[in-house]
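Colleague: Got a predicted model here, sequence first, then my questions.
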Amino acid sequence: MDAAEPDAGAASSIKLVVGLGNPGAEYRDTRHNVGFRVVEEVARRAGVRLRAGECHSLMATLPGALLALPQTFMNRSGYAARCLVEKHGMPSTAVLVVLDEVALPLGKLRLRPSGSPGGHRGLESILESLQSAAVPRLRLGVREGEEPVPGDQLADYVLEPFTGAAREQVDEMVARGADAVEVWLRDGVERAMARFNGSGTVTSAGAGPDASP
């Protein structure tokens, strides 16, 4: 049986929010770690602490939900996600992955219920490990400036810190990302998409796979 789709009779009603990033103080303020920062903000608001827990992750528990920050480094994030899904008997649709997106301008959010990894190695690892594309994801725009980042500069770009001028906008995006996670947990993906995607106009959950590059 596919680990991402356990038997319906055994499936848990719990949800899982997985923030993506790299462990270590040297990565904390980089563009690649905004997924960590959003989940940390959700935990802070709830008054819970992320502590070393199961599946090589920092963990915190909310009513009806788990928060997780994999400590396996970005490209192996799927190990932690699969481990948690198997332990708690949840379908892939009960997992929200929070990640950076260099193809989106700084501050923009994009929530989708399914789709391709769009070139993001952490999300790619999770989709491969869960053997499913039906994994909701919240992408956080991290591109400063109007021009796309050249492909040969992407790896260095996402591992650099934001410029000083962008930090206030980043803080605002992290707060909005935490808002989006809370709405997803409470009301589901369609309500969260309608409220936070793009300019806030209603977006159908049946719009198809995530087409971001």
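Modeller: Arrived safely, thanks for sending.
Colleague: can you list the residues that contact the helix or strand of the chain with the lowest mean pLDDT?
Modeller: Every helix and strand in the chain was compared by mean pLDDT, DSSP states H and E; the lowest is helix 154-158, with a mean of 93. With C-beta atoms under 8 Å, 6 or more residues apart in numbering as the contact definition, helix 154-158 has outside contacts at 30, 31, 32, 100, 102, 142, 149. C-beta: built from backbone N, CA, C; applies to glycine.
Colleague: Quick one: the strands in the chain, in order.
Modeller: Secondary structure of the chain (DSSP state E): strands at 15-19, 51-52, 57-62, 65-70, 95-105, 109-112, 137-143.
Colleague: Okay, buried residues for the fourth one please.
Modeller: Applying a neighbour-count criterion of 16 or more other C-beta atoms under 10 Å, one finds 65, 66, 67, 68, 69, 70 buried in strand 65-70.
Colleague: Now do that strand against strand 95-105, angle only.
Modeller: Following axes from the mean of the first three to the mean of the last three C-alpha atoms, to 10 degrees, one obtains 60 degrees for the angle between strand 65-70 and strand 95-105.
Colleague: next one: strand 65-70 to chain centre, how far?
Modeller: In terms of C-alpha atoms, centre = their mean, to the nearest Å, the centre of strand 65-70 is found 10 Å from the chain centre.
Colleague: now do the third one
Modeller: How far strand 57-62 lies from its chain's middle: 14 Å, per C-alpha atoms, centre = their mean.
Colleague: The first one now?
Modeller: Here strand 15-19 shows a centroid-to-chain-centroid distance of 7 Å under the convention C-alpha atoms, centre = their mean.
Colleague: Export that strand to PDB, keeping only CA atoms.
Modeller: Taking Å, rounded to 0.1, in the frame of the first residue of the first chain, the C-alpha atoms of strand 15-19 are listed here in PDB:
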ATOM      1  CA  LYS A  15      -2.800  17.500   9.800                       C
ATOM      2  CA  LEU A  16       0.900  18.100   9.300                       C
ATOM      3  CA  VAL A  17       2.700  21.300   8.400                       C
ATOM      4  CA  VAL A  18       6.200  20.900   7.200                       C
ATOM      5  CA  GLY A  19       8.400  23.900   6.900                       C
END
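Colleague: Nothing else from me, thank you.
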